[in-house]
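Participant: Let me see the structure of the following:
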Amino acid sequence: MRIFLSWSGLESKKAAKVVKEWLTKVVFAGEKIDPFMSEKDIPYGADWLATLKTKLADADCAIICLTADNLKSPWLNFEGGAISIVKDKLAIPLLINIDRDKISGPYQHFQSVTLDIEGVEKLVLDLKQLGKFRSPHENHLPKLLPDFFDKLVSGIKAELKSVERDYDMSGFSIYPEQVTSIKRGKVFIGAPMASLPRSEYAEMRRNVLLVRDALKQHTSATEIYCPCERISSPGKFDDVKKAIYEDFKILKESEYYLFLYPQKSASSVLLEMGYAIALSKKTKIFTRRRSELPFMLKRADEAIRNLQVFPYRSVDQIVGKIEREGMSFLD
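Facilitator: Have a look, this model is predicted:
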């Protein structure tokens, strides 16, 4: 029997690992049972979404590790919904640190399992029936159940305690803290400007403004910001303190980021790229040579959903791409 273990968040992941080991080594040891967990079982470099879809399609049931923090997780809801709509496939919410009356949304309609001895017994019997397993035999289950229950619950409690000990779960903020909303359609255009010699600055500024004009004409951008727009030469940039305060505010409230990185450069634009990735912004990087991007950026677009990297030889190629794709360019 193939079981898809669905999780989201650190507590849920730790619990799912305990459940996986408990199923294979304690309750159904010796039976043909194959629990799948995405964090460990997806190979590095694999198309993770395709892998998840395949595993969901192949699974006989899903055990969804629900915690107080992940009820609204989009991926958890996607996985639970994907398997629950298939006939004869069970979706079993396992309530880790949340009471049944606290559940809202789609999981209200599923038969959930609580971490008490009755809930654990039901889980064992449901999986035994679904997998047509010979063990544990019904005559032996009353004797085995207390041990089953203790190993599962004590294992999960130990992992949750380790999370509480080792992690600060109170959340964190991203500078500037006072910016808490995103302006729909706002685009930030970044390029290595202040680091350029005066002889190259005018050409780069011209290229950035050509891209700005193309975005204005052909896309749904509601507002476009590029620091060089009002700065005619590199010597006229604001002082560092003012730039940090103003530019980071604009960076955080923008919906889209577009970066021109024509050559390897020790520029603040690298900081802006990292900030865009940290904020999960919809980000496009145009570079003449991918090999000149920082090491972690060279293949980052293969792993980061909102990031795209494009090669270009001249600004005309970028402008042409914007013109061809029009309203779809930003998304």
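
Participant: Hmm, Leu71 and His104 touching each other?
Facilitator: In this structure residue 104 is Ser, not His. Yes: contact criterion CB atoms under 8 Å: Ser104 and Leu71 qualify, at 6.5 Å. Glycine gets a C-beta too; all of them are placed from N, C-alpha and C.

Participant: those strands in this structure, which residues are they?
Facilitator: Using DSSP state E, the strands of the chain run over residues 2-6, 34-37, 61-66, 90-95, 113-114, 183-190, 223-225, 254-261, 282-287, 307-311.

Participant: I'd like the ones you listed as CSV, with distance to Glu121 appended.
Facilitator: Conversion of the strands of the chain to CSV gives the following (distance: least, CB to CB, whole Å):
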stretch, distance to Glu121
strand 2-6, 18
strand 34-37, 19
strand 61-66, 15
strand 90-95, 14
strand 113-114, 10
strand 183-190, 51
strand 223-225, 59
strand 254-261, 50
strand 282-287, 48
strand 307-311, 47
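
Participant: Those: which one's closest to Val269?
Facilitator: Evaluated with CB to CB, the strands of the chain place strand 183-190 nearest to Val269, the distance being 4.8 Å.

Participant: list the buried ones in that closest one?
Facilitator: For strand 183-190, a neighbour-count test (16 or more other CB atoms under 10 Å) marks Lys186, Val187, Phe188, Ile189, Gly190 as buried.

Participant: just stretch 220-231 next, same as before
Facilitator: Ala221, Ile224, Tyr225, Cys226, Pro227, Cys228, Ile231.

Participant: Could I get the contacting residues of the third one?
Facilitator: Okay, so that is Tyr225. Residues near Tyr225 by CB atoms under 8 Å, 6 or more residues apart in numbering: Lys186, Val187, Phe188, Ile189, Ile250, Ser254.

Participant: Could you give the bridge partners of the first one?
Facilitator: Right, the one you point to is Lys186. Per DSSP bridges, the residues bridged to Lys186 are Glu223.

Participant: Would you agree it is in contact with Ser254?
Facilitator: Yes: between Lys186 and Ser254 there is a contact under CB under 8 Å: 4.5 Å.

Participant: pLDDT weak spots in this structure?
Facilitator: 40-48, 86-88, 105-106, 234-239 (pLDDT under 70).

Participant: where exactly do the helices run in the stretch 51-200 of the chain?
Facilitator: 74-84, 117-131, 141-166, 198-218 (DSSP state H, counting those that start in this stretch).

Participant: Show me what the longest one is packed against.
Facilitator: Using 3 or more CB pairs under 8 Å, 6 or more residues apart in numbering; DSSP states H and E, the elements in contact with helix 141-166 are helix 10-22, helix 117-131.

Participant: Run the chain-centre distance for it.
Facilitator: 29 Å (CA atoms, centre = their mean, to the nearest Å).

Participant: Check which residues of it are buried.
Facilitator: Under 16+ other CB under 10 Å, the buried positions of helix 141-166 are Leu145, Phe148, Phe149, Lys151, Leu152, Val153, Gly155, Ile156, Glu159, Leu160.

Participant: Just the angle for it relative to helix 117-131, thanks.
Facilitator: Helix 141-166 runs at 110 degrees relative to helix 117-131, counting by axes from the mean of the first three to the mean of the last three CA atoms, to 10 degrees.

Participant: got it, and the first one?
Facilitator: For helix 74-84 against helix 117-131, the angle between stretch directions is 50 degrees (the same axes, to 10 degrees).

Participant: Give me the residues contacting helix 74-84.
Facilitator: With CB under 8 Å, 6+ apart as the criterion, helix 74-84 contacts 4, 6-8, 12, 52-53, 56, 59, 61-62, 64, 66, 70, 89-91, 93, 105-107, 110.

Participant: out of the helices of the stretch 51-200 of the chain, nearest to Val319?
Facilitator: helix 198-218 (4.6 Å).

Participant: Need the CA coordinates for the closest one. CSV is fine.
Facilitator: C-alpha atoms of helix 198-218 as CSV (Å, rounded to 0.1, in the frame of the first residue of the first chain):
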residue,chain,number,x,y,z
ARG,A,198,31.0,57.7,-15.6
SER,A,199,31.8,56.5,-19.2
GLU,A,200,29.4,53.6,-18.9
TYR,A,201,26.7,55.1,-16.7
ALA,A,202,24.9,57.1,-19.4
GLU,A,203,24.5,53.9,-21.6
MET,A,204,23.2,51.8,-18.8
ARG,A,205,20.8,54.6,-17.8
ARG,A,206,19.5,54.8,-21.4
ASN,A,207,18.9,51.0,-21.4
VAL,A,208,17.0,51.1,-18.2
LEU,A,209,14.8,53.9,-19.4
LEU,A,210,14.1,52.1,-22.6
VAL,A,211,12.9,49.1,-20.6
ARG,A,212,10.8,51.4,-18.4
ASP,A,213,9.1,52.9,-21.4
ALA,A,214,8.4,49.5,-22.9
LEU,A,215,6.8,48.3,-19.7
LYS,A,216,4.6,51.5,-19.6
GLN,A,217,3.5,51.0,-23.1
HIS,A,218,2.9,47.2,-23.3
